[in-house]
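*Asks:* sharing a model that was predicted from the sequence below.
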Amino acid sequence: MNIKSLLLGSAAALAVVSGAQAADAIVAAEPEPMEYVRVCDAYGTGYFYIPGTETCLRIGGRVRFDVQAANSYYRNSDYGWGTNSRAELNVDTASDTEYGALRTQIVARFDYNPRHDWDNGGANWDQRPADGGFFADATRTRLIAANIQLAGFTIGLADSVYSSFIGGAGNVINDDVISYGPFELNQINYTYDAGNGFRAVIALEDDGQYKVDRNRSVWGGSRNASGYMVDVVAGASYTTGAFGFTVVGGYDESMDEGAIKARVDATFGNVNAFLMGGWNTDDKRGNKYAAWAGEWAVWGGLGAKFTDTLGGNLQVAYSDSYANDNVLAIAANVQWNPVQNLLIQPEVTYTKWDNVGRGRSDDQWNGMIRFERQF
């Protein structure tokens, strides 16, 4: 065998071996790039970008536990201690468009209370059944908000503008013993903000969602709408420095009547104060917006911050009535935040019903404590 043959044979053998090894080789897959969640600070605290999109998402909510004796909304309601547990989930989205921020809001609420008759008034969750036992369906699920917001418009489920635009009746738990208006409603509203402290709003609201309960002088439940017409709400406000003034009016087309509320707010250092009054256009009957079921009502209150973790609030309200009782409601509480996002709030309320025509009056004390964790 000559040198040439030996070299050719060796090369052929190496080629065969190399080909076999190449066929058996394992090629590792390239790792996919990891997409980290990005913080979105354009719309407030807590937003982050949904991966792969330019939409910002925020998830929050609260968990609450209430214990109370008796009930501020009913006379002779001292049945002993009652409890209620609540979970509330908020989901908000926002993204930028040529018309401004496109937002959505979802608020879902879950309550558990073995004593509650859910069809007998939303606020009175500690009422026992007539037989003194417990209700079988102790859990209630509600959709509080589901709406779209763009360029000043809000479309969908939200609190009635008649109640939300002017604000609540003080930072107390039982702020609507004398009711100041309806809440969750399907609606279309537009808010104009001039940027100098002046704001105005107009809303078209579904007229088929509320009815009056003359025994409690509040609104709840449902009724059929009257034809194709809607209820109308309009309001305006101006805030400058430590003072603010707001007025709002609502027209209930089914009753062909309405109500007007006006409010003044002021801040003095660590103390804030408000005074709000409501007037019914018909002093002989109620409507959705004159929810106190009388000719007029007034609410006033104070709030103070004592330390970084301790504050307190006081509310006094009074309404006359054409059919039932004149009502006086007083509520006072202490708000303590031992750690961030945890609230412990004891509250005491007193309600007096005075039927002038019959010369009869009743009253009810109520004490309660709330534990709430927000996230």
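*Replies:* That came through fine.
*Asks:* could you pull up the mean pLDDT of stretch 97-115?
*Replies:* Averaged over stretch 97-115, pLDDT sits at 94.
*Asks:* got a pLDDT number for the residue nearest in space to the middle of the chain?
*Replies:* When C-alpha atoms, centre = their mean is applied to the chain, the residue found nearest the centroid is Ile144 (6.6 Å). Note for Ile144: predicted pLDDT of 97.
*Asks:* and if you look at Ala225?
*Replies:* On pLDDT, Ala225 comes in at 56.
*Asks:* what residues are up against the residue nearest to the centre of the chain?
*Replies:* 88, 107-109, 157, 184 (C-beta atoms under 8 Å, 6 or more residues apart in numbering). Quick note: C-beta positions are derived from backbone N, CA and C, even for glycine.
*Asks:* which of the helices and strands in this structure ranks last by mean pLDDT?
*Replies:* Least confident helix or strand, the chain: strand 218-220 with a mean of 41, by mean pLDDT, DSSP states H and E.
*Asks:* tell me the secondary structure for the residue nearest to the centre of the chain?
*Replies:* Secondary structure, DSSP: H, G, I helix; E, B strand; the rest coil: Ile144 is strand.
*Asks:* would you confirm that Asp78 contacts Gln68?
*Replies:* No. With contacts counted by C-beta atoms under 8 Å, Asp78 stays clear of Gln68, the gap being 10.7 Å.
*Asks:* rounded mean pLDDT for stretch 262-277, please.
*Replies:* 97.
*Asks:* which parts of that stretch are buried?
*Replies:* The neighbour-count check on stretch 262-277 (16 or more other C-beta atoms under 10 Å) flags 262-263, 265, 272-274, 276 as buried.
*Asks:* could you dump those to CSV with distance to Phe245?
*Replies:* Converted to CSV, these look like this (distance: C-beta to C-beta, whole Å):
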residue, distance to Phe245
Ala262, 8
Arg263, 7
Asp265, 8
Asn272, 15
Ala273, 13
Phe274, 11
Met276, 11
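*Asks:* pick the one among those closest to Pro338.
*Replies:* Ranked by distance to Pro338 (C-beta to C-beta), these are led by Asn272 at 22.8 Å.
*Asks:* just to revisit the earlier point, looking at the buried residues of stretch 262-277, which is nearest Arg370?
*Replies:* Closest approach to Arg370 among the buried residues of stretch 262-277 (C-beta to C-beta): Asn272, at 20.5 Å.
*Asks:* phi and psi next, for Leu204.
*Replies:* phi -110, psi 120 (degrees, to the nearest 10).
*Asks:* ok, which stretches of the stretch 151-300 of the chain are helices?
*Replies:* Under the criterion DSSP state H, counting those that start in this stretch, helices of the stretch 151-300 of the chain are mapped to 161-164.
*Asks:* could you tell me how many residues sit around Asp256?
*Replies:* 11 (other C-beta atoms under 10 Å).
*Asks:* just the pLDDT for it.
*Replies:* Asp256 is assigned 92 on the pLDDT scale.
*Asks:* any idea of the mean pLDDT in stretch 296-308?
*Replies:* The average of the pLDDT scores along stretch 296-308 is 97.
*Asks:* hang on, I meant stretch 174-181
*Replies:* Averaged across stretch 174-181, the pLDDT comes to 95.
*Asks:* what sits up against that stretch?
*Replies:* 72-73, 123, 160, 162-163, 168-169, 217-219, 250, 261, 276, 278, 289, 291-292, 297, 299, 315, 317-319, 327, 329, 331, 347, 349, 351, 366.
*Asks:* next: stretch 146-158.
*Replies:* The contact list for stretch 146-158 (C-beta under 8 Å, 6+ apart) reads 97, 99-107, 143-145, 164, 184-193.
*Asks:* quick one, which of the residues you listed are buried?
*Replies:* 103-107, 144-145, 164, 184-187, 189, 191.
*Asks:* now, those residues that are in strands?
*Replies:* Members of the buried ones among the contacts of stretch 146-158 lying in strands (criterion: DSSP state E): 103-107, 144-145, 184-187, 189, 191.
*Asks:* can you redo the residues you listed as CSV with distance to Asp41?
*Replies:* As requested, these are exported to CSV (distance: C-beta to C-beta, whole Å):
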residue, distance to Asp41
Arg103, 15
Thr104, 19
Gln105, 19
Ile106, 21
Val107, 23
Ile144, 26
Ala145, 23
Glu184, 31
Leu185, 32
Asn186, 32
Gln187, 30
Asn189, 28
Thr191, 24
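*Asks:* quick one on the thing from earlier: any idea which of the buried residues of stretch 262-277 is closest to Thr45?
*Replies:* Asn272 (22.8 Å).
*Asks:* show me the contacts for the closest one.
*Replies:* By C-beta under 8 Å, 6+ apart, the neighbours of Asn272 are 265-266, 302-304.
*Asks:* could you measure from it over to Gly197?
*Replies:* 17 Å (C-beta to C-beta, to the nearest Å).
*Asks:* swap in Ser237?
*Replies:* 8 Å.
*Asks:* and what of Trp292?
*Replies:* Counting by C-beta to C-beta, the gap from Trp292 to Gly197 is 29 Å.
*Asks:* so the two - more neighbours on which side?
*Replies:* Using other C-beta under 10 Å as the criterion, Trp292 and Gly197 rank with Trp292 on top: 29 against 13.
*Asks:* I'd assumed Asp325 was in contact with that one.
*Replies:* No. Here Trp292 does not reach Asp325: they are 11.3 Å apart, not a contact under C-beta under 8 Å.
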